[in-house]
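*Asks:* With the input below, show me the fold.
(2 chains)
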Amino acid sequence: MTDLHLVDIKKWVLEPTRKGFGRGLVKAGELNDQVVALSADLTDSIQIGPFAKAFPDRFVEVGIAEQNLATVASGMAAMGKIPFAGSYAAFNPGRNWEQIKTTIAMNDQPVKLVGAHAGLYTGPDGATHQMLEDVALMRTMPNMVVIVPGDSVEAEKATLAMVKDSRPNYIRLARDKSPIVTSEKTLFEIGKAYVFSPGRDLTIVANGVMTPIALEAADKLYHDGIEAEVVHSPTVKPLDGATILASAKKTKRVITLEEAQVMGGLGSAVTELLSEHFPVPVIRMGVKDSYGQSGTPEELMHHYGLSVKHVMMTAHQMLDKK
Amino acid sequence: MGNFTEKKLSIEKLELIANDIRQDIIKSLETAGSGHSAGPLGLADIVTALYFDILRHDPKDTKWADRDIFLLSNGHCVPVQYAAMAHAGYFPKKELATLRKFGSRLQGHPERTKLPGLENTSGPLGSGLSQAAGMALAMRMNKEDHRWVYVITGDGELNEGNIWEAAMFTAKYNLNNIVAIVDRNNIQIDGTTEHVMPLEDLRAKWEAFGWHVIEIDGNDIEAVIDSAAMGRAIVEKPVVVIAHTIPGKGVDFMEYDYHWHGMPVGIADVAGAPPKNQQAMEALKDLRTLRGKIKSEGHDD
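*Replies:* Below you'll find the model as predicted:
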């Protein structure tokens, strides 16, 4: 695990994942002149602004028209471009799912869909903008890769990796800042999960802004005498079954942790895998068949049972049951 | 092999090809036992003009870098595209008998990844114009000024909001390397377009969205070819051709009748139509005899 070069928990600094995407997109533009970016009137908010400034001729503003966003991107990809098509996840893929399915996924065009301001970390904007169903929606779409980076540094790497991936991709980004737990040297590959913190008592599979929470909980659980193994799974699809199964076989207990609906999301993906290949007790933590609401991310994580304290309680409950 | 349409055919020859394509539409739909009749028959002249005169393309090299792009946005009309592609040599004509069958490359709605020569996957309506816009914009970025994008949309399809998003977008970027063709046949599944969701004043709508509008008789091949040439010549605005067509064109008992929108011959109970088991025969008889419906036949009189 030492080769992962994670940042020590005491040295964490905060940054939104969308910032890392914005940096990655500029780098991608520098490295590959076929990279173009499309925005639906949210250019700066979703961090396409720096790319638009650096490459004005490769930036396309479609206005508040997410169906057009996806389908124009499909057409550009058909002509050899590598389009990043971004908006808030509530609208992309929330509003244009069918267009994505038919003209991008089924049509096999390598469009890179960017769903920003996803999840409870959207905060005060409230339930309409806290997209919680995007992971489930995109995971059920054949030929779609789904990436939920764990911090801004990983979001940057994921953006660059998406350019090289020939498939349609979806990346989920958060609005509010979250701890940077990885470093420049931390590995990232689409389709891989990583053991961020080894343990033998139970496994916590997490991604997105929940990975730092899982790491913090694991750190505190260690002082309670519980060794939790944190498996960071930034790619929800294709899921790295080998890494998750290896961990489950070691610990025999699994918690999944996501900032999205557990139905259809990471929790579903992991339980589907385990129930077929290695059935063990699983507790899925995430949003459970409800919408969000206005509040700070901290308030919301507490309300929906996704704080560090909740993860610790769940781990204790799970181990008490043995 | 190079550009398939380099050598120009006479209008008379094109009309005969269009009629062969109509017969193949009837035959393939009858074999399929499901599918749409009226739209494909009405579009036969436009699609023939595209594949046999207007488009620069090579049926033997579907990835030819200099080819023009043709998108059928109203994918349910794909039997006419399949028939035209078969006649142009993209695949053997006998494959038309596999339309809508298990394992066929000729899916009920067109899928790009299944059949070489298709440029998009369509069926869900409203997305073709914006795909065309994305292609045209990318071509401009790539400095491919010699290539054109032709896209057909249905008229009922104009109910979709995505179309008007694309219309605004295309005008904003003045993508004059697109020629859009609206198949104005006045029918959709639930009835006439003006009953289901009125489109008129359709010309004024497109003009208000910043487009140059050309209106033609979409069953007149010469007019189709001329409108495409005009579409390429006009650079100030993107061009939309409102092509007035007769749904079911060429088959007496189908013409103008919206009931044939989503029905093949052989299974439909439509008032005024022949008995089911004779529908295909009667349709083919109509198409074989022409009976003065085809312009060139009139020339001979």
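
*Asks:* use CA for all of it now, contacts and neighbours both
*Replies:* Noted.

*Asks:* Nearest spatial neighbour of the residue of the stretch 201-301 of chain B found nearest chain A, chain-adjacent residues omitted?
*Replies:* The minimum distance from the stretch 201-301 of chain B to chain A, using Cα to the nearest Cα, falls at residue B:209 (14.7 Å). Counting by Cα to Cα, 6 or more residues apart in numbering or on different chains, the nearest residue to residue B:209 once its immediate chain neighbours are dropped is residue B:168, at 6.0 Å.

*Asks:* So that neighbour, which state does it fall into?
*Replies:* helix (DSSP: H, G, I helix; E, B strand; the rest coil).

*Asks:* Neighbours of it, how many?
*Replies:* 20 (other Cα atoms under 10 Å in any protein chain shown).

*Asks:* Surely it is in contact with residue B:208?
*Replies:* No: with contact defined as Cα atoms under 8 Å, residue B:168 and residue B:208 do not form a contacting pair (9.7 Å).

*Asks:* what about the residue of the stretch 201-301 of chain B closest to chain A, how many neighbours?
*Replies:* 18.

*Asks:* same thing with the one 10 residues further on?
*Replies:* Around residue B:219 sit 24 other residues, with neighbours defined as other Cα under 10 Å.

*Asks:* mind checking the SS state of it?
*Replies:* Reduced to three states by three-state DSSP, residue B:219 is coil.

*Asks:* Can you show me the strands along the chain?
*Replies:* Looking at chain A here, since you left the chain open. A:14-15, A:35-39, A:59-61, A:82-88, A:112-116, A:145-147, A:169-172, A:178-179, A:194-197, A:202-206, A:228-232, A:235-237, A:254-261, A:282-287 (DSSP state E).

*Asks:* oops, chain B please
*Replies:* Along chain B, the stretches classed as strands by DSSP E are B:69-72, B:149-154, B:178-184, B:187-188, B:191-192, B:212-217, B:239-244.

*Asks:* The ones you listed into a markdown table, with extra columns for distance to chain A and mean pLDDT?
*Replies:* Listed next are those as a markdown table, based on distance: least, Cα to the nearest Cα, whole Å; pLDDT from 0 to 100:
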| stretch | distance to chain A | mean pLDDT |
| --- | --- | --- |
| strand B:69-72 | 10 | 98 |
| strand B:149-154 | 11 | 98 |
| strand B:178-184 | 12 | 98 |
| strand B:187-188 | 21 | 94 |
| strand B:191-192 | 25 | 94 |
| strand B:212-217 | 21 | 98 |
| strand B:239-244 | 18 | 98 |
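
*Asks:* okay if I get those as CSV plus mean neighbour count?
*Replies:* CSV is the format used below for the strands of chain B (neighbours: other Cα atoms under 10 Å in any protein chain shown):
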stretch, mean neighbour count
strand B:69-72, 24
strand B:149-154, 24
strand B:178-184, 26
strand B:187-188, 25
strand B:191-192, 17
strand B:212-217, 18
strand B:239-244, 26
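
*Asks:* Name the surrounding residues that touch the lengthiest helix in chain B.
*Replies:* Across chain B, the longest stretch assigned as helix under DSSP state H is helix B:11-32. For helix B:11-32, the external contacting residues (Cα atoms under 8 Å, 6 or more residues apart in numbering or on different chains) are B:35-37, B:40-41, B:44-45, B:48-49, B:52, B:79-80, B:83-84, B:87, B:96-101, B:221-222, B:250, B:264-266, B:280, B:283-284, B:287-288, B:294-296.

*Asks:* Test my guess that the residue of the stretch 201-301 of chain B closest to chain A contacts residue B:170.
*Replies:* No: using Cα under 8 Å as the test, residue B:209 is too far from residue B:170 to be in contact (9.3 Å).

*Asks:* tell me the pLDDT at residue B:301?
*Replies:* Looking at residue B:301, its pLDDT reads 37.

*Asks:* Would you confirm that residue A:102 contacts residue B:125?
*Replies:* No: using Cα under 8 Å, residue A:102 is not in contact with residue B:125, being 10.2 Å away.

*Asks:* what distance separates the start and the end of stretch B:99-119?
*Replies:* End-to-end span of stretch B:99-119 (Cα to Cα, to the nearest Å): 18 Å.
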